[in-house]
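>>> here is the input, now give the coordinates:
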Amino acid sequence: METPFNISSCNFNRYSYFQNIIVLWAPAYGFPVYAAAIFLLKYHSDSQSQYVRAAQFIAVILNFLELVDMSTVFYPQFVVPVLGLQVGGISEFIYPRPILYLAIALILHQGINSTTLFIAHCRLVLLSRSLILRKSSTNVLLRRSNQLSYINYVFFIASVGSILLILNVDNIEYQSQWKKEFFQKYQLNFIWCPKYYVLDPTVWEFVVMMIVACSTTVLFAFVFVLCSITTIAIIHSAKDTMSLQTRRYHLQVVKSFLISCGIQAFFVVLPVVHILLCVYFEFIKTYTGASGMLFYSVFTQAHQGTAFTLFYVLSHIKTKKTWRKFTRAVRKINTVRLFKRSI
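Numbers count the residues shown, from 1 in each chain. Predicted structure coming up:
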């Protein structure tokens, strides 16, 4: 594609060497977290269902693949206020078209959401089958949770199909037309950089993808919370036939799962909202862009799966028992040392 300014190459990476290393090597130093999660799932899983365990394994693997895609492979370089980006990872010199890596990241994220919902839904179904539900309100919640869960699974499939639509706009004709329009609007020469890709948010492929993806995400959040509330309602309705220890265990599982998914949602929503605000509001772009906060948005987005997995590892009962043993051993050693000094 010819450019009116004869720009042969552009480097939008304005981050420090240390910041680039942190992002590009994220899978290397994040791998122990995922390895620990796999170890706990294999040898110390608290789930009796093979389907739940399989979904948990898949969720960990998908989170790690998304980390690799968003950091080492993709590493998106944003230049606001233009809605566009450039590949900054190792694939920059292999296949520098960011639409493909963006689609892969979105598909992986929908896969993570679907496995997360399946885990919550499967736990709910298994718990309801093992107990006698006497309250009609609890049965109504259970039916609604089942119905909406199956509807959400269909939405996930439709969302993946809508994400693939944006691959249709990944061609030179679209880029030539959009770059002309963006240059007339912003008068910024970097728009003509050959590896910089712009995206028109008004094309029907992008609009359909956003509508389906947003609807799927909102429905997922609602159904996930509904499944959690229904699980809590079942636990309380069956408190007469369930021991106190078992009831506390199920409530702790639901609480931990809600917190971990909340952390993951925060790590996803925060950078996306920040980048969109930078595109549409000049003062936010000037303040946060100059202070380097775009880097932290990219870093946060890449590590959403790591945060989710790390919380699972730290909140696991085996981790807590190991930590208690370690602290008791340390206190014992300190007590022995103090006793020897006092003699």
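>>> in the strand or helix carrying Leu142, which residues are buried?
Leu142 belongs to helix 136-165 when assigned by DSSP states H and E. In terms of neighbour count (16 or more other CB atoms under 10 Å), helix 136-165 has its buried residues at 138, 141-142, 145-146, 148-149, 152, 155-156, 159-160, 162-163, 165. (Each C-beta comes from the backbone N, C-alpha and C, glycine too.)
>>> could you do stretch 85-105 as well?
Buried residues in stretch 85-105, counting neighbours by 16+ other CB under 10 Å, are found at 85-89, 91-92, 96-105.
>>> next one: stretch 321-332
By neighbour count on 16+ other CB under 10 Å, the buried set for stretch 321-332 is empty.
>>> in the strand or helix carrying Ser260, what counts as buried?
Assessed by DSSP H and E, Ser260 sits inside helix 244-280. Residues of helix 244-280 classed as buried by neighbour count (16+ other CB under 10 Å): 250, 253-254, 256-258, 260-261, 264-265, 267-268, 271, 274-275, 278-279.
>>> okay, the nearest residue to Met209 once chain neighbours are set aside: pLDDT?
Leaving aside its sequence neighbours, Met209 sits nearest to Ser162 (CB to CB, 6 or more residues apart in numbering; 4.5 Å). With respect to pLDDT, Ser162 scores 92.
>>> residue contacts, Ser162?
Listed by CB atoms under 8 Å, 6 or more residues apart in numbering, the contact partners of Ser162 are Val208, Met209, Ile211, Val212, Ala213.
>>> hang on, isn't the second one packed against Gly161?
In this case it means Met209. No. Using CB atoms under 8 Å, Met209 makes no contact with Gly161, being 9.4 Å away.
>>> please enumerate the helices of the chain.
Ranges of helices in the chain, per DSSP state H, are 17-24, 26-43, 50-68, 98-129, 136-165, 172-186, 204-237, 244-280, 282-290, 293-302, 304-315, 317-342.
>>> how far off helix 317-342 does the longest one point, in degrees?
Put simply, helix 244-280 runs at 100 degrees to helix 317-342, going by axes from the mean of the first three to the mean of the last three CA atoms, to 10 degrees.
>>> same for helix 244-280, what does it pack against?
Contacts defined by 3 or more CB pairs under 8 Å, 6 or more residues apart in numbering; DSSP states H and E place helix 244-280 against helix 98-129, helix 204-237, helix 282-290, helix 293-302, helix 304-315.
>>> now the third one: average pLDDT?
Read it as helix 282-290. Per-region confidence: helix 282-290 scores 60 on mean pLDDT.
>>> now do the second one
In this model, helix 204-237 has a mean pLDDT of 89.
>>> now the angle from it to helix 98-129?
Interaxial angle, helix 204-237 versus helix 98-129 (the same axes, to 10 degrees): 20 degrees.
>>> report the buried residues of helix 204-237.
205-206, 208-209, 212-213, 216-217, 219-221, 223-224, 226-228, 230-235, 237.
>>> who's in contact with Gly84?
Shown in contact with Gly84 (CB under 8 Å, 6+ apart): Phe78, Phe182, Ile191, Tyr196, Tyr197, Val198, Leu199.
>>> circling back to that earlier point, Phe74: which of the helices of the chain is closest?
helix 98-129 (4.0 Å; CB to CB).
>>> ok now the closest one, how far from the chain's centre?
Taking the mean of its C-alpha atoms, helix 98-129 sits 10 Å from the chain's own mean (CA atoms, centre = their mean, to the nearest Å).
>>> that helix packs against which elements?
helix 50-68, strand 76-78, strand 84-87, helix 136-165, helix 204-237, helix 244-280.
>>> looking at those, spot the one closest to Thr319.
So among these, helix 244-280 is nearest, using CB to CB, at 11.6 Å.
>>> got the angle for that closest one vs helix 50-68?
Counting by the same axes, to 10 degrees, helix 244-280 points 30 degrees away from the direction of helix 50-68.
>>> where does this structure dip in pLDDT?
The chain contains residues with pLDDT under 70 at 1-9, 46-48, 80, 276, 279-280, 282-294, 336-343.
>>> Phe57 touches Leu41, doesn't it?
Yes. Assessed by CB under 8 Å, Phe57 is found in contact with Leu41 at 5.9 Å.
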